[in-house]
Structure formats: structure tokens, C-alpha cells
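Visitor: please find the sequence and the predicted model below.
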Amino acid sequence: CTPSITYAGDDWWRCSITATATSSGTNQPGYKLCTDTNSGDEVYDGDGSSGLYLWGAQVEKGSVVTDYIQSTSSTVTNTRIESKGLLLERERTNLCYYSEDFTVNNVSTGWRTGTGFSRATLVANTGIDDPSGGSTASRWSSGTTNSTELIYHIAPVAMTIGNTYTASVWIRRVTQTGPVELIIGDLAAHDVSSQLDSVPFGQWVRVTATRTITTSGAVRAYIAVKPNGSSPSTIDIWGYQLEESEFSTSYIPTTTATVTRPKEYAQIDGISDFFNPNAGSCFVEFEVNYEGIGHWASYERPFAFRDMSASREFGISANGNTNQTSVSGYGHYLPGGSYVYKVMAPEIDKIYKIYLGYGDNYVSAYQGNAFYNSNDSTRDQAVLQQPLDNAISSDNHTKLILGGQDTGNYALFGTLRSFTYYPVDVGSIKMRKFV
């Protein structure tokens, strides 16, 4: 077990303990307070004056203590509100151990040091500010000859031939501008110097490299720093991540084991107090964290209203297989099937604004300068009212899901900037003003 106590201000301390399960079973994780001489049930009447205040109990799966999440009668998963909005991502695992401690010397799961490894020189690993606001970054320097000066890491599990992996790490130049490389899997070097030099000298930048593995047994995850001519280059590094993905996702800190971030979505239960089954208007604004056909999974949901009893829904979907967005009417039988399509190639940092209006037996949608049409992605004429074979009011839509389904499938993998709902169809003229 690893205990920790951190001052939280105003005479409060946050106490935590991290432990690894040694067996499986039905026992649930829990916590209790006891004296250092009694690990069983505690009986203490008190002295009437001394004592302590307790607040904010939390049990979570993972090796890192995260921000407090308030709960009442059920478990709660935290949402990540950032400057752009609600961040929603799919499940990803950081395959690298010790993502912030590059000095751990472990033959199979950590960073390698000592004789036999071509190694950059550790300058300092304490007191160096990092991008998270802490001071856990470390500083490394190259030699004076143009050799490969490695910060050397072995992934705990070999990467799979044919699968794509992305490495990412925050780097800041300290002296000189020599080449910096990320080496993934089968000794393939990726020069990330241009990413470093895209920001002013001395600023942190998260650099990334992506590779599809071609050799069995690939385990390498290196950082290489080289001199600028004969002058040593010095860099600060922090937050290394290796994930099976075509692009980097938000940082997942690790220590003695890999860590998996679960798939994310948000939902509102019990929507009867505002949902109108006869007519309504929805406006969604979002952006994606990647671009290009094939990066979207099939039918990602920026939002959907769901009837859980009949497995029916209506909302907006994105289909990465065909590079299209659509009005999703699963179970309501739109013309040509359960979807009405519109071509939209996803682009990084582009804001998408989509309006969806509905009545009891129709849906309509608007994005950009074209309305969705009847299952034909080649035309852009305005066909506002698509009839539904199964009326919305005949179902029992009880949930609003944002960024996926209630199971976490079909995750948006992006940022939901805003969602607005009106219990009336505002019509085509007004909805143009939204988007």
C-alpha cells in the first residue's frame, strides 16, 4: 500500500492510500478509520472536546488520486469541463509505466539506465516546473557528437504487427536546437523538431509521433536528443504516453502499471420535466479532436434522445465509415432506413453547428448551407420534413445522452461546446440563424 497526505488549505488535509488487489472476488473496496494499534472495528467514545472533521470520501479505480467527485445514492463518473466545453473521449490505455519519472531503472517495465544503454545525461529531476503546474519534470542533455542519445524505455507488452500506436510527450527546449526524435516500436525514428520549433523557444509543447508496427516483438518507446552541431542540446520532458491509436488523446498519468481511461459520455435521466414528445428543437455545437475518414467510429452521437424500453432514439450521428453526419432515427424508420445522411469530412478544430427539429411524425435538420435530404448524400436541396413511420410521441424517451450512448459506445471523441433544447419546433427560418 502507498499512503499519502496532502494539505488542502484552511486546516484541511486530504489523506489517501493506493493498493493493488491480490485476488478477485465479490468483496467491495472500502475504508475505515482506526488507531495505529487496532486494524479491526474501532470503539471510541471520545473525550467531549477533541476530534476531527471528515468530508469527501472517495474510492476509485486507478493508481492516481483524482479530483473529488461528489456522490449521493449511486456511483458517479466525473466529467471533464475544459475551456472549449465538455471533453468526451473513447477508452484508451497509456502503455508506458512511470510516465513522469524517467529515472526509474527497471529491466522490463520502466526507463533503462546504466552501462550498455546509449543514454542522454540526466541534469536534474527535482524542482523543475511541468505543464500541469507541478514540479515533476526532468532535464536531459545530449552529448557533443551527433550520436543517438536515448532516454530509453521498454514497453511492458510487445506492440502488435499491423496495429497503429501513437507516442506523445511534453518537451521544452532549454539550450540549443538540436534534433529531437521519438522512436516507437521497431526502431522507427520520428523527428519532432518542427513541432518543438512551432512555439517560441523555452515553451512547453506536446509532441506526437504515430507508427504502424511492422516487426514482431516491438517494445521500444524512446526519446532521443542530439546536439546542435557540437553544442549539447538540453530539454525538459514530462508526461510520456504510448497508446494504441492513430492520434494522441488526453494525458493519462501512470506509475507502476498501465492505466486505462474509460470511455466517456454524459446523460440526463428523467427528462419528462422538459422534453416535449410532440415537437421540439435541438441545437448542438461540437468539434472533433482528429480528422479524416476512418478516424470516426460508426454512428458517433453528439446527442440522442433514447427510449430505453424499446431501444429507439433520435438525434445526430456521425458515420466515420462513409464520412457522413446523419439524423439518427433508429427504430423510427426514416425513409430509406434509420438515417438521413449529409456529407461532412471531420476536421480538427473546426466547429460544427447542427440544428435538429422534430414533430410527432417528422424530423428536420440543418447544417451549414444545406438541409439534410432523404438518404441521398449527393444532393443538398432543402427537404425539411422527413416523415417517420413510428411517431416519436408513441414512445417513451426517458434519457438525453450527450457524446455517445448510455453504454459509452459511439463516443464523440471530441468536445461538446453547447447543447440547447426548446420544447417547440422553431421552424426553418429561425433555425438558419442558429447555424
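Guide: Alright, I've got the coordinates.
Visitor: show me where this protein has its helices.
Guide: Assigned helices in the chain, in chain order: 193-196, 428-434 (criterion: DSSP state H).
Visitor: mean pLDDT lowest where, among these?
Guide: Sorting the helices of the chain by mean pLDDT places helix 428-434 lowest, at a mean of 67.
Visitor: just give the nearest non-adjacent residue to residue 4, would you?
Guide: Nearest residue to residue 4 in three dimensions, chain neighbours excluded: residue 16, at 4.9 Å (Cβ to Cβ, 6 or more residues apart in numbering). Yep, even glycine has a C-beta here, placed from its N, CA and C like the rest.
Visitor: what's around that neighbour, how many residues?
Guide: Using other Cβ atoms under 10 Å, residue 16 has 14 other residues around it.
Visitor: that one is in contact with residue 68, isn't it?
Guide: No: using Cβ atoms under 8 Å, residue 16 makes no contact with residue 68, being 10.9 Å away.
Visitor: ok so, going back, could you check the pLDDT of the residue nearest to residue 4?
Guide: We note a pLDDT of 87 for residue 16 in this prediction.
Visitor: check contacts around it.
Guide: 3-6, 65 (Cβ atoms under 8 Å, 6 or more residues apart in numbering).
Visitor: end-to-end on stretch 261-277?
Guide: End-to-end distance for stretch 261-277: 36 Å, by Cα to Cα, to the nearest Å.
Visitor: which other residues reach that stretch?
Guide: When contacts are defined by Cβ under 8 Å, 6+ apart, stretch 261-277 is touched by residues 77, 79-80, 86-93, 249-250, 252, 305, 360, 392-393, 395, 397-406, 408-409, 411-412, 416, 421, 423-424.
Visitor: mind giving me the ChimeraX command for buried ones among the residues you listed?
Guide: Remark: buried members of the contacts of stretch 261-277, expressed as a ChimeraX selection using 16 or more other Cβ atoms under 10 Å:
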select :86,87,88,89,90,92,93,249,252,305,392,395,397,398,399,400,401,402,403,404,405,408,411,412,416,421
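Visitor: now, the contacts of stretch 261-277 that are in strands?
Guide: Assignment to strands by DSSP state E places the following of those there: 80, 86-88, 92-93, 305, 399-402, 416, 421.
Visitor: Serialize those to TSV and add fields for pLDDT.
Guide: Converted to TSV, the ones in strands among the contacts of stretch 261-277 look like this (pLDDT from 0 to 100):
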residue	pLDDT
80	68
86	82
87	82
88	81
92	89
93	93
305	86
399	88
400	90
401	87
402	86
416	87
421	92
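Visitor: now for those residues: which two are most distant?
Guide: Spatially, the most separated pair among the ones in strands among the contacts of stretch 261-277 is 93 and 421, at 35.0 Å (Cβ to Cβ).
Visitor: burial measure for residue 18, as a count.
Guide: Using other Cβ under 10 Å, the number of residues around residue 18 comes to 15.
Visitor: can you tell me, leaving aside adjacent residues, what's nearest to it?
Guide: residue 2 (4.5 Å).
Visitor: then residue 185?
Guide: Distance criterion Cβ to Cβ, 6+ apart; nearest residue to residue 185, sequence neighbours excluded, is residue 218 at 3.5 Å.
Visitor: what's across from that neighbour in the sheet?
Guide: residue 159 (DSSP bridges).
Visitor: again, but for residue 366
Guide: Bridge pairing for residue 366 (DSSP bridges) gives the partners residue 355, residue 371.
Visitor: show me what contacts the nearest residue in space to residue 95 that is not next to it in sequence?
Guide: Excluding its sequence neighbours, the residue lying closest to residue 95 (Cβ to Cβ, 6+ apart) is residue 242, at 4.5 Å. Applying Cβ under 8 Å, 6+ apart to residue 242 gives the contacts 94-96, 155, 165-167, 184, 221.
Visitor: looking at this protein, which helix or strand is least sure?
Guide: Every helix and strand in the chain was compared by mean pLDDT, DSSP states H and E; the lowest is strand 370-371, with a mean of 46.
Visitor: where do the strands of the stretch 201-350 of the chain begin and end?
Guide: 205-212, 218-225, 234-243, 259-261, 266-269, 279-288, 300-307, 312-319, 324-328, 339-343 (DSSP state E, counting those that start in this stretch).
Visitor: show the average pLDDT along the last one.
Guide: When you say that, I think you mean strand 339-343. When pLDDT is averaged over strand 339-343, the result is 56.
Visitor: same question for the second one.
Guide: Mean per-residue pLDDT for strand 218-225: 84.
Visitor: got the CA coordinates for that strand in PDB?
Guide: Extracted as PDB, the C-alpha positions of strand 218-225 are listed here (Å, rounded to 0.1, in the frame of the first residue of the first chain):
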ATOM      1  CA  ALA A 218       8.500  -4.400 -30.800                       C
ATOM      2  CA  VAL A 219       8.700  -2.900 -27.400                       C
ATOM      3  CA  ARG A 220      10.800   0.300 -27.700                       C
ATOM      4  CA  ALA A 221       9.500   3.700 -26.700                       C
ATOM      5  CA  TYR A 222      12.400   6.000 -26.700                       C
ATOM      6  CA  ILE A 223      13.100   9.800 -26.700                       C
ATOM      7  CA  ALA A 224      16.300  10.800 -28.500                       C
ATOM      8  CA  VAL A 225      18.000  14.200 -28.200                       C
END
